[in-house]
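S.K.: I'll drop the sequence and a predicted model, then ask my questions.
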Amino acid sequence: MGKNILIVTGSDYSDIVYQAFYDTKKLGHKLYLLSDGSFEPRPEVFEKHFIYDLRKTKESLEYMKNQNEKFDAVTIKTSEWLTPLVALLAKQYGCIGNEPIVAFNCRSKYHMRQCLERGGVPIPKFKLCKNYEELINGIREIKTPCVAKPVGGNASYGTFMIRDEKDIESLKENYENSIKFLKEKAIDSDVFAFDKEEMDLIGVDGHVDMITDYLVEEFMDGHEISVDALVQNGEVNIIGTEDQVRMEPPYFVQLAARLPYVCSANEQAQISDLIKLTIKAMNIKNSATHTEIMFTSQGPKIVEIGCRIGGDNLHDDILNLTGYNLMFESIMIALGEKRHYEVKNKGHKVLKYILPEKKGRIKKIHIPDEIKYDSNNFNIEILSSVDDFVALPPEKFDYIGYISGRGETAEEAEKNTNEALKKIEIIIE
């Protein structure tokens, strides 16, 4: 018998994600959409499109409670700021999912660090700071080099490194610029929302301001990877592991990514053990997860974990290389359908982010058709528009977009992506 499935999102989806919806409908299920109304979904996919201001968690729950429809499953793709709402909705309808406090702990870097510390997971030393004076004291306690990051940030927004005493001289400017950027981002999309009443509803112990509260953390040297896994009834299945390249400190904006991460069988086992320990410490039971690991000189440490699919082009690239559609799998897990995975990669992909070369207003973005329809390129995503003002850290943390290329080998994928990237024309004045 077909079931009613609620998909929650803050943005529209790619062709491959829609394919997951079509495949779900072929099984006889009905799909419904809850969004903020910022896009129009494809016709005849969803039985009904519920539109509400999803920045208001408590009101969104009340709005859905007053609808006639009831749901057998609730799930999400990559909108991390909505994972607590998804957990609350699943609980409201008696569906399979993570507990709301688990989703919140994945959103608040402070609460995440507390959970990981209690679970014996290797993490950097950390200190919560609620204002500039506490930030200074936190830096003195953790000691330089260290990193300052907003408790509720994502995509390295507002994150910067304090390397030495000289960086402390410009700390106030960096801190205030970052908070200004985050507040503008919050007004625009409110990806950091949660007021005290909402945190009480979730069951949060120790309120935080997701924008102005900062963590000071011990700087982790070494290279970084991300791991996408599917968790069902607490059982962990790693589907994709990606090597990541970030900007040179003091900022940490991502520049590139390579899938799969090539390493020894011994290192693969080490990654698997750490991911399982992390997911257990966070008490994640049923969802996709996206985890970042830093291989430091003291051994691997967890950067962060989210109870959702990895962002940008990871979803589509993982399908292209492994055959597993993470959106479809997330729906099946939410339905309680027993899953089995046997992951084998077919080829390699390299993703390169397009960052502004200087600050200014975008006057032209041109992507030649030869790139758009080149079989070596899975996807090109442009996130900015003509007339947008863009800048690099510390003023802003903007991405113009990204391009993902494929090859039979890692070297071929790198070459294909670099050649295509050179053909994209962006003029900033």
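M.R.: Perfect, thanks for sending it.

S.K.: use CA for all of it now, contacts and neighbours both
M.R.: Will do.

S.K.: what about the strands in the stretch 251-400 of the chain?
M.R.: Along the stretch 251-400 of the chain, counting by DSSP state E, counting those that start in this stretch, strands occupy 254-259, 287-296, 299-306, 348-354, 360-366, 377-382, 389-390.

S.K.: between these, which gets nearest to Asn177?
M.R.: strand 389-390 (14.4 Å; CA to CA).

S.K.: helices and strands around the next helix or strand after the closest one, which ones?
M.R.: Of the helices and strands lying after strand 389-390 in sequence (DSSP states H and E), the nearest is strand 401-407. Counting by 3 or more CA pairs under 8 Å, 6 or more residues apart in numbering; DSSP states H and E, the packing neighbours recorded for strand 401-407 are strand 348-354, strand 377-382, helix 410-422.

S.K.: in strand 401-407, what's buried?
M.R.: Residues of strand 401-407 classed as buried: Gly401, Tyr402, Ile403, Ser404, Gly405, Arg406, Gly407 (neighbour count, 16 or more other CA atoms under 10 Å).

S.K.: quick revisit: which stretch in the strands of the stretch 251-400 of the chain has the least confidence?
M.R.: Of all the strands of the stretch 251-400 of the chain, mean pLDDT reaches its minimum on strand 377-382 (a mean of 77).

S.K.: ok so, going back, generate TSV for the helices and strands packed on strand 401-407, with mean neighbour count and distance to Pro145 as supplementary columns.
M.R.: Shown next, in TSV, are these (neighbours: other CA atoms under 10 Å; distance: least, CA to CA, whole Å):
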stretch	mean neighbour count	distance to Pro145
strand 348-354	25	27
strand 377-382	18	34
helix 410-422	17	32
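
S.K.: nearest to Thr291, of those?
M.R.: Nearest of those (CA to CA): strand 348-354, 17.9 Å.

S.K.: What strands flank the closest one, and is each parallel or antiparallel?
M.R.: Strand 348-354 has the following sheet partners, assigned by DSSP bridges: strand 254-259 (antiparallel), strand 401-407 (antiparallel).

S.K.: How confident was the prediction at Asp164?
M.R.: Per-residue confidence (pLDDT) for Asp164: 88.

S.K.: show me what contacts it?
M.R.: In this structure, Asp164 makes contact with Thr144, Pro145, judged by CA atoms under 8 Å, 6 or more residues apart in numbering.

S.K.: Just give me the neighbour total for Lys359.
M.R.: Other residues near Lys359 number 16, with proximity taken as other CA atoms under 10 Å.

S.K.: from what I can see it touches Val390, true?
M.R.: Yes: under the criterion of CA atoms under 8 Å, Lys359 is in contact with Val390, at a separation of 5.5 Å.

S.K.: How far off centre is stretch 284-296?
M.R.: 10 Å (CA atoms, centre = their mean, to the nearest Å).

S.K.: List the buried residues for it?
M.R.: Under 16+ other CA under 10 Å, the buried positions of stretch 284-296 are Ile284, Lys285, Asn286, Ser287, Ala288, Thr289, His290, Thr291, Glu292, Ile293, Met294, Phe295.
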